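Chemist: turn this into a structure:
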Amino acid sequence: MIKNAMNLELHFQEKNLLKFGILQSFEYHWNWGRLISLCGDNSLHLWEINNTGNGKSKLEEVKSFAMESNKVKTISACCLTKDGEHLLLGTEGGNIHILEVSSFTLMDQIIYQDVVMQNVPDDFKVNPGAVEAIAVHPVNSDKFLIGYNRGLIVLWDNTNSNADQTYNATQQLESLCWHRNGEEFVSAHGDGSYIVWSRLDASHPKEPALTPYGPFPCKAIGKLDYLTSKTDNFVIFSGGMPRASYGDRHTVSIMQGNNHVVFDLTSKIVDFISITRAMENDTEDERAEYDEPHSLIILVEEELIVVDLDSPKWPLFNLPYLNSLHCSAVTCSQHITNVPDQLWQKLVDSGEAQMKHFSTREWPISGGKVTSSKSSSKDLILTGHEDGSVRFWDASGMSLHLLFKLNTSSIFQVDVHSPDSNSGEMEEEWPPFKKVGNFDPYSDDPRLAIQKISLCPLSETLVVAGTAGQTIMLQMEREERELEVPTVTVNIVEDKDSFVWKGHEAIVPRTGNIKFAPGFQPTCVMQLYPPAACTALAIHSEWQLLGAGTAHGFALFDYQQKKAVTTRCTLNPHELTGTSDTPMSRRKSLKKSLRESFRRLRNRRSERRHKTKEEASKDKKIEETHAETAPSTSAAAGEGGATASTPEHRPVERAVEARSSDDSMASMVRCIYFADTFIVNATSHNRSLWVGTNGGHVYIYTMVIPGSEKRNEEAVSCSLAKEIKLRHKAPVIAISVVDSKSKILPEALDVQHERAKAPDMSGQHTVVICSEEQLKIFTLPQLKAKWKFKITAIDGARVRRVGFINFRSRSDENYVENDVVCLTNLGDLSIYSIETLRQQMTASAIKKEDINGITSLVFTKYGQAFYLHSPSEFSRITLSARNMVEPKCEIELKEGMRPAPEEEPLDARPVGEIESSGQPYGSIDIAEGLNESAQNESRADTTLEGEITQDSIRVADHTNEDIVTEVTTATTAVTVTSTTVLVSSESTSVTATTAGGNTKNIDDNNKAVTVQSSTTVETEVREKISELKVTVHVHDDDPALSKQKGIADNTEENGHDEVLAVS
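Modeler: Alright, predicted model coming up:
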């Protein structure tokens, strides 16, 4: 029930939700599956949880009603009658309206405040204020208590329309609750006190007013429950703390005889409800004598707390769902697919050891069943947090479940206390506080924040990097160990004597032996200098190497021998000489900033003038050409009787300006990648390290790693082999090497553990380099540009996240396709072929205003993605038609309570809507994917004429640190070797374009055959696409389609990338 309430709260975030929840008497009709919500605009909404068939349920609004929005009729309190047929609505004007739930309309009967006041003694006839609380009699539903703001309480008999009793309290009223027998009730007040009244004696309270935490002034008791038990009665209330000492705390107190506990929570209390055995066992004919509460559910703004009232010391339940994801702010995340059973069991065992202080009772909340099938794959989401912790979540099903938590703060000399680190022990003070809950919005040391996470599930090796340059290597262990953690400092700017770091200091590690619980235990700490935040991280567990980058450069670390292999500073001379003016030092020179701004403005103006002159001259030449060719064209048309076909235009491209070379953020390392591929020549492959920076610079290193026998003795050698400089200096955010069979190189140890096939080393490899502005494919080892797709120039968007996805058909196990998936700053997802970068589909996924959601998105290997929909919840999206997780669940309803659900048509589409553009989708990659051998051999080395211009190549020899550069420029034009058939639905002629660019007509017989073949292939292509992706949308202005039709790309406007080969 509480789960549904929380979902309702999230649903109404955009509707100014004032109150929500399952009303007080709903507990006796919980099988109805209905909710009534009161919103801030004074409207009421009736919701039903309905089963839609196929094991699915949905929460839908069935009726609504809006009260007049004025001060007199503003709803201030509401209560559902015992039979659930009427809702009593108290207003600010003191009147009570009655809503009939079945029709969801107001009844004619109104209990006016003036009528109520006529029946009270003359001593009480003063304006009592607004209706603050309503409580229906537990036995006789025709009677209910009306509590007014100024302390007046009236027992109203609705059958006779008069006041049975009138009770007067001197303090402001906050809430009312009945004793189970209906002979007593309790009122809670604004001064932190509560009073027990007898129903039959209105002259004075049954017991004097009790202030639990007096005699000093206390805050109001917001809500109170008075529950009976065979041993001692329970009094549960929120608030009531001493105003001066603990007025800022959010508390729920439980008192039972000599037992007294104050649960100290970390966020504001929304509501609480007690689950009793009487609630579960009562029938219309028989009611239990005692309430016997066994669980307490507390809903606070940031999390859900469930207390076990049956066990000694009232421990908490471990939540199976609705966990507090943002107990500390989420700073990064990683998704791991198909976790090995051995590692999974170790995580489960280690997590259970951390949760011994939780209750061992069965989860007390029920009311529905999950109908979705259990996932065959064990998936993890790792979240790094601001307090230095890493949490491991089970992401295999519909909801996240916490498996294990790792704290890195214990490795360093910092004084950190987190609410989730205590075992719920009571403090020896008055009131007897007991800290509960995981939410902690404050960080004791911001340097502890986790920036990057990398887990290798096969070697059980975890690497986490933080804000102060700390990079921690950890290994999974089953037993508790006490060990000393070695720390190695790696200076990235060691060869830059002029550099001065003016940022925060590194965190001091603890010395001596430290005791670590079972789970991931640290083996080594690499401390980068300068201690800046880690911006890129990669691990290769087979080679036992680690790469980490910051805004100043990067380091390659051998965590087997625990020493640095190589470092490189990526700062330019301007950043070295003026470190106080760089973002790394958190200071900015206003004079320098203004100077750079004016310089950019002048450069842009001069470039625009130059472009205007060039365009004017081009237009003049075009006009002259048209004037010359127009007569001949018209004559030819008149003689031949044929209509000249209009040439197709290339998509309009935006002018993309190159970033300034003085950009102080250009040195930031954005991605690090390990690959075993061809770097030096095409005959032997090398182990390599690829590093991409914010300034469009890619460093390629070759590495020599000793064999396993000499791995601990001989050092790993590393040398710079080549460099790539993108012309527009766009940030490089992802790199991946593809083998000759169009398959992405497998991750470390995947081949050894038979989780992936060995890559093909007999053919040519290519590398996909993804920047914020474009995707580009280079051949290896020549680094010749082969294919590219300009995203910024065409769509006006910048890439924010990139994933290399394996799509598998949902019906054909043998058909697999590898693609590049990009998320832009506009929140759009696009899929591109890994072979030719053809755009296959695009879909809107996230609102472009949701910056946190876009920056937090993480792709999975098989076409799904997770992003932070809000700071407290992940949303799952999927592009794969095969891998979809649907929230299937049902609630058990009594017969006749809902109409029978309509059966879904058999031909209903699964999820999403397939959208196709007007242009027929003739993707060569997908069509030839139907024949895997043809796909791997036919188009691997095909280049369109005019598409690629070989960039400037610099061959540099490093001799005594002097660089001798020889620049050569070559233009490569390879014609298309295949034949493209163009079919027009409007024209009666069919033409074929040959490799030389000439066209020829095809006779009618061939035409018929050709059209039939094209239609068949197109149909197969569309079916295959729907088997892979959820939605399909291809732009008409897709440049890849234009290239396949023979329209050459203007290389003068494309720009050239600079490739350096270092020997």
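Chemist: V858 versus the most centrally placed residue in the chain, what's the distance?
Modeler: The residue lying closest to the centre of the chain (Cα atoms, centre = their mean) is Y867, at 1.5 Å. Distance, Y867 to V858, by Cβ to Cβ, to the nearest Å: 7 Å. No exception for glycine: its C-beta is placed from N, CA and C like everyone else's.
Chemist: again with H250
Modeler: 33 Å.
Chemist: before we move on, what about N51?
Modeler: Noted for N51: a distance of 33 Å to V858, by Cβ to Cβ.
Chemist: N168 too?
Modeler: Using Cβ to Cβ, N168 is found at 61 Å from V858.
Chemist: please apply the same query to I672.
Modeler: 17 Å.
Chemist: count of neighbours near N258?
Modeler: 6 (other Cβ atoms under 10 Å).
Chemist: which pLDDT value goes with it?
Modeler: N258 carries a pLDDT value of 91.
Chemist: same check, this time on the one 5 residues further on
Modeler: Confidence at F263, expressed as pLDDT, is 96.
Chemist: equivalent analysis for the one 10 residues further on, please.
Modeler: The confidence metric pLDDT takes the value 93 at I273.
Chemist: SS state for it?
Modeler: Per DSSP: H, G, I helix; E, B strand; the rest coil, the local secondary structure of I273 is strand.
Chemist: now L601
Modeler: Strictly by three-state DSSP, L601 counts as helix.
Chemist: ok, for K743, nearest residue in space, not its chain neighbours?
Modeler: Nearest non-adjacent residue to K743, counting by Cβ to Cβ, 6 or more residues apart in numbering: N818, 5.9 Å away.
Chemist: over to V270?
Modeler: Closest to V270 by Cβ to Cβ, 6+ apart is L299, at 4.7 Å.
Chemist: doesn't S267 make contact with that neighbour?
Modeler: No - using Cβ atoms under 8 Å as the test, L299 is too far from S267 to be in contact (10.2 Å).
Chemist: so those two - more neighbours on which side?
Modeler: When L299 and S267 are compared for neighbours, L299 comes out ahead with 20 against 15, by other Cβ under 10 Å.
Chemist: tell me the SS of that one?
Modeler: Using three-state DSSP, the structure places L299 in strand.
Chemist: relative to G239, how far out is it?
Modeler: From L299 to G239 the distance is 15 Å (Cβ to Cβ).
Chemist: which stretches of the stretch 851-1000 of the chain have low pLDDT?
Modeler: 899-1000 (pLDDT under 70).
Chemist: oh, that last question was meant for the stretch 601-750 of the chain, not what I typed.
Modeler: 604-652, 654-658, 660-664.
Chemist: how about the contacts made by S238?
Modeler: The neighbours of S238, taking Cβ atoms under 8 Å, 6 or more residues apart in numbering as the test, are 221-224, 251-253, 269, 272.
Chemist: ignoring the adjacent residues along the chain, who's closest to it?
Modeler: Closest to S238 by Cβ to Cβ, 6+ apart is G222, at 4.6 Å.
Chemist: tally of neighbours for that neighbour?
Modeler: 17.
Chemist: same thing with Q764?
Modeler: There are 17 residues near Q764, going by other Cβ under 10 Å.
Chemist: just the pLDDT for it.
Modeler: 93.
Chemist: A helix includes it, no?
Modeler: No - under three-state DSSP, Q764 sits outside any helix and is assigned coil.
Chemist: that one and P781 touch, don't they?
Modeler: No - under the criterion of Cβ under 8 Å, Q764 is not in contact with P781, lying 9.1 Å apart.
Chemist: shared neighbours of the two, anything?
Modeler: 678, 682.
Chemist: who does H86 form a beta bridge with?
Modeler: E100 (DSSP bridges).
Chemist: how about the contacts made by it?
Modeler: 80, 98-101, 107.
Chemist: so how far is I36 from it?
Modeler: 11 Å.
Chemist: then H357?
Modeler: For H357 relative to I36 (Cβ to Cβ), the value is 37 Å.
Chemist: compare those two (neighbour count), which wins?
Modeler: I36 (22 against 13).
Chemist: and the residue nearest to that one when sequence neighbours are not counted, what helix or strand is that in?
Modeler: Nearest in space to I36, with sequence neighbours left out and distances taken as Cβ to Cβ, 6+ apart, is L46 at 5.7 Å. Per DSSP states H and E, L46 falls inside strand 43-53.
Chemist: mind checking how far stretch 871-878 is from the chain centre?
Modeler: Computed by Cα atoms, centre = their mean, to the nearest Å, the chain-centroid distance of stretch 871-878 equals 4 Å.
Chemist: what does it rub up against?
Modeler: 10, 302, 324-326, 329-330, 381, 400, 829, 845, 852-853, 863-869, 884-885, 911, 1030.
Chemist: try 7 Å
Modeler: Stretch 871-878 has contacts (Cβ atoms under 7 Å, 6 or more residues apart in numbering) with 302, 325-326, 329, 400, 845, 863-869, 884-885, 1030.
Chemist: quick one: mean pLDDT over stretch 363-380.
Modeler: The model assigns stretch 363-380 a mean pLDDT of 85.
Chemist: for it, list every residue counted as buried.
Modeler: 364-365, 368, 378-380 (16 or more other Cβ atoms under 10 Å).
Chemist: ends of that stretch, how far apart?
Modeler: Chord length of stretch 363-380, first to last residue, is 23 Å (Cα to Cα, to the nearest Å).
Chemist: strands of the stretch 351-500 of the chain, residue ranges please.
Modeler: With DSSP state E, counting those that start in this stretch as the criterion, the stretch 351-500 of the chain has strands at 368-370, 380-385, 389-394, 401-407, 433-435, 450-456, 461-466, 470-477, 481-483, 487-491.
Chemist: which one of those strands is the most hemmed in?
Modeler: Neighbour counts (mean count of other Cβ atoms under 10 Å) averaged over each of the strands of the stretch 351-500 of the chain peak at strand 461-466, with a mean of 26.
Chemist: surely I297 meets T276?
Modeler: No - I297 is beyond contact range of T276, at 11.7 Å (criterion: Cβ atoms under 7 Å).
Chemist: which one of these two is surrounded by more residues?
Modeler: Set I297 next to T276 and count neighbours by other Cβ under 10 Å: T276 wins out with 24 against 19.
Chemist: isn't that one right up against Y290?
Modeler: No - contact criterion Cβ under 7 Å: T276 and Y290 do not qualify, at 8.5 Å.
Chemist: tell me, how many residues neighbour the residue nearest to S267 when sequence neighbours are not counted?
Modeler: The spatial neighbour of S267 that comes closest, neighbours along the chain excluded (Cβ to Cβ, 6+ apart), is E302 at 4.0 Å. Applying other Cβ under 10 Å, we find 20 residues neighbouring E302.
Chemist: rewinding a little: need the three-state assignment for the residue nearest to S238.
Modeler: Assignment for G222 (three-state DSSP): strand.
Chemist: and it, what is it in contact with?
Modeler: Applying Cβ under 7 Å, 6+ apart to G222 gives the contacts 174-175, 238-239.
Chemist: same question, R361
Modeler: Going by Cβ under 7 Å, 6+ apart, the list of residues near R361 reads 308, 310-311.
Chemist: now the closest residue to N491 other than its chain neighbours: how far from T467?
Modeler: Excluding its sequence neighbours, the residue lying closest to N491 (Cβ to Cβ, 6+ apart) is Y529, at 4.6 Å. Relative to T467, Y529 is positioned 14 Å away (Cβ to Cβ).
Chemist: quick one, which of those two is more surrounded?
Modeler: T467 (22 against 18).
Chemist: state the distance from that one to L448.
Modeler: 7 Å.
Chemist: so how far is S328 from the residue nearest to S267?
Modeler: 11 Å.
Chemist: and for E817?
Modeler: 39 Å.
Chemist: ok, L304 next?
Modeler: Distance from L304 to S328, by Cβ to Cβ: 17 Å.
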